[in-house]
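**Q** Need a 3D model of the sequence below.
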Amino acid sequence: MKDLLKLRNFYSEQIAFGDDVFDRIALFIYGLNYEKAKNIKMYHYRKDGVIKGADFSLTNRKIPPESDDDSKRIAIFYNEDSPYNLDESGNLHINNYYTHSNLKPFIYKKYKFDDYLYYLRSNRKNVYNRLVVNPHRNCNSMCKWCARTYSDHKRIYNKLKRKDLSVLDDKIEIKAIRKIPLEIIPAQKLFECLINDNNIISNRSMPFSHLEELAFISGDFPPKTSIASYIYEFTMSMKNHGFNGSIYYAGHQIENEKDMQLIKNIGLNVTFVYTIEHFTRRTELMPVRGKRTLNEIADILYTANRIFGKNNVFYYYIAGIDDFESVYDNFIRFKPLAKPLVSILTPYNTKQFELYFYKDKLKIIKQMFDIRDLILKLWGKPIPSGSNRSLFALNANSNIIAE
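**A** Numbers count the residues shown, from 1 in each chain. You can find the predicted model right below:
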């Protein structure tokens, strides 16, 4: 604990508002002390290793109240060995040392139709006008760093359906298990859900005119099913009913010029994000996505540059799995093609700690700050990932860190 406090003090001195930055990063890695958290009524937890909802607000005097959702959200898990714990008011401590940070449950937008099909997110002014759709909630990528594997969902759900209660133990909560749909909801049916949802539409004449962004975040579309065609059909229906915002796509299944051009033909600005995730151990940790080599991904990003423009091309990256030298080399390699949107590896269970390249937790934290520094040196400014595990938080009024 002394080393943790020493490191915390060091980064607090090096970075503006560094105490909050440090605690955000450390909570992803250390988690929260389970014994302390479970008795606090304002915090809900479940027994699969993830604090229910995984959305909390890390706030104190130094984070502007007008900061957007992404800059306030934090996803943490519980860990009985964590030095971090909370008092009844949500004040964050490292053992008995008060960090001057406070965790409050984040009020997240509730959805009407299906919690896993679509939802609203806020824009940079804390207004809910970003619509995220997930037309295929099943995923067969089998990534080892996923919060919970879909195979486990299916296995446990089927046993519960047969009333086989032997699957239940102290580590599993029945409410955490849900059926994963195999089918893709047709684009027209999804559109009909939205146009009849009063939580989404603004008015009947131009029901989607208030939306600024339409984001497609989904699991794997099955073979011979084109996600590009799906995006085109669905977005054109939205566009015909008032939507005139931008398109955000994050995934690994739009890879060729034909698919990219189809989305470009919609006539709206497109943000294209390829899910690289990490540079090493790709096939081991990502049996599906990892089949693409880094050379092949470079070609995909080059094509995206030509069609969407360099400023609109990004890639997702999860910090912690690779050694820093690999991060350094590949950030430089991909710099002419795309910007990295970096999130921090969150070990949702004990086994996932093995995914970290560095085994010492203090070295892991140091690596996260080294990657922050590398981004600032290469691009001259923070690049927030829009994720609740981002290395950077974005201020609502400018492209600078809220820290």
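
**Q** If you count neighbours, what's buried in stretch 228-243?
**A** For stretch 228-243, burial by neighbour count (16 or more other C-beta atoms under 10 Å) applies to 228, 230-232, 234-239, 241-243. All C-beta spots, glycine's among them, are computed from the backbone N, C-alpha and C.

**Q** For the residues you listed, work out which two are farthest apart.
**A** 228 and 242 (23.0 Å; C-beta to C-beta).

**Q** can you give me the strands for the stretch 1-150 of the chain?
**A** With DSSP state E, counting those that start in this stretch, the ranges of strands along the stretch 1-150 of the chain come out as 56-59, 73-74, 84-86, 91-94, 97-105, 118-122, 128-133.

**Q** The fourth one packs against which elements?
**A** I take that to be strand 91-94. helix 2-14, strand 84-86, strand 97-105 (3 or more C-beta pairs under 8 Å, 6 or more residues apart in numbering; DSSP states H and E).

**Q** Residue 370 touches residue 325, doesn't it?
**A** No: assessed by C-beta atoms under 8 Å, residue 370 is found out of contact with residue 325, at 10.7 Å.

**Q** Residue 211 - that's part of a strand, no?
**A** No: note on residue 211: no strand contains this position according to DSSP: H, G, I helix; E, B strand; the rest coil, which reports coil.

**Q** what's the burial count for it?
**A** 23 (other C-beta atoms under 10 Å).

**Q** okay, the helices and strands packed on strand 91-94 in TSV with mean neighbour count next?
**A** Shown next, in TSV, are the helices and strands packed on strand 91-94 (neighbours: other C-beta atoms under 10 Å):
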stretch	mean neighbour count
helix 2-14	14
strand 84-86	20
strand 97-105	16
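
**Q** For stretch 15-26, C-alpha coordinates in PDB please.
**A** Written as PDB, here are the backbone C-alpha positions of stretch 15-26 (Å, rounded to 0.1, in the frame of the first residue of the first chain):
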ATOM      1  CA  ILE A  15      -0.400  15.800 -14.000                       C
ATOM      2  CA  ALA A  16      -3.000  18.500 -13.500                       C
ATOM      3  CA  PHE A  17      -5.700  16.900 -11.200                       C
ATOM      4  CA  GLY A  18      -3.600  13.800 -11.300                       C
ATOM      5  CA  ASP A  19      -5.100  12.300  -8.200                       C
ATOM      6  CA  ASP A  20      -8.400  11.700 -10.000                       C
ATOM      7  CA  VAL A  21      -6.600  10.400 -13.100                       C
ATOM      8  CA  PHE A  22      -4.600   8.000 -11.000                       C
ATOM      9  CA  ASP A  23      -7.600   6.700  -9.100                       C
ATOM     10  CA  ARG A  24      -9.600   6.200 -12.300                       C
ATOM     11  CA  ILE A  25      -6.900   4.100 -13.800                       C
ATOM     12  CA  ALA A  26      -6.100   2.200 -10.600                       C
END
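
**Q** Identify each buried residue in that stretch, please.
**A** Buried residues in stretch 15-26 (16+ other C-beta under 10 Å): 15, 17, 18, 19, 20, 21, 22, 23, 24, 25, 26.

**Q** circling back: what's the closest of the helices and strands packed on strand 91-94 to residue 330?
**A** helix 2-14 (24.6 Å).

**Q** Which residues are in contact with residue 361?
**A** Counting by C-beta atoms under 8 Å, 6 or more residues apart in numbering, residue 361 touches 29, 30.
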